[in-house]
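A.B. asks: quick one: sequence and predicted model below, then my questions.
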Amino acid sequence: MPKTTAVSWQKKSLAFGLAAAVYGVLWLIRFPCLFFTATGVPCPGCGMSRALWALLQGHIGEAVRWHPMVFSLPVIGLLIWTDGALFRRPWADRLLLIGIGVGFLACYVMRLSGVWLTRII
C-alpha cells in the first residue's frame, strides 16, 4: 500500500501566502471577472472580493450585502489547512462542505432571479 504524507504546514503557509498575494495584485489592478466578461452573467462568487475587503475593514453589514457567503471563506481555509479533517467525524466535514455549497447555490439563484439582499436589508 502506498504511503501517503500530509502536506507540511510550511508548504500550506507558502501556498496560502502566494494565493493571497496573487489575489491582492489582481484586486489592486481591478482584474475583471472572466466569467462575467465572457457571459454577461454574474458568477457565484461575484461580489466576494468586495465583501472580503469590507469584512477586513470591519464593515460586517456591507460585507453581507456584497456576498453573504463571505463568512464561509475562513471555514474553507480551515478545511484546506486541516486536510479536510476539521471535525473528528468525516461525515461532519462533508456535511459542512455540502452546506457551504448549498449556501453558494442559494445566493447565486437569488442573484440571478433579481432578489438580492441589498433589496431585502
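C.D. replies: Received, thanks. Given the structure is predicted, the values throughout are model-derived calculations rather than measurements. Numbers count the residues shown, from 1 in each chain.
A.B. asks: just the helices in the chain please.
C.D. replies: 9-28, 34-39, 48-56, 60-66, 72-81, 90-113, 117-120 (DSSP state H).
A.B. asks: give the buried residues for the first one.
C.D. replies: Think helix 9-28. Counting neighbours by 16 or more other CB atoms under 10 Å, one finds that the buried residues in helix 9-28 are K12. From N, CA and C alone the C-beta is placed, and that goes for glycine too.
A.B. asks: same check on the fourth one?
C.D. replies: Burial within helix 60-66, assessed by neighbour count using 16+ other CB under 10 Å, is assigned to A63, V64, R65, W66.
A.B. asks: so the first one sits against M69, correct?
C.D. replies: No: at 10.3 Å, A63 does not count as touching M69 under the criterion of CB atoms under 8 Å.
A.B. asks: do you know the pLDDT at V102?
C.D. replies: According to the prediction, V102 has pLDDT 95.
A.B. asks: I meant V7, not that one.
C.D. replies: So, for V7, pLDDT stands at 69.
A.B. asks: ok, now W91?
C.D. replies: 90.
A.B. asks: quick check: the gap between A15 and R88.
C.D. replies: Counting by CB to CB, to the nearest Å, the gap from A15 to R88 is 25 Å.
A.B. asks: returning to what we had before: least reliable of the helices of the chain going by mean pLDDT?
C.D. replies: Minimum mean pLDDT among those: helix 117-120, a mean of 52.
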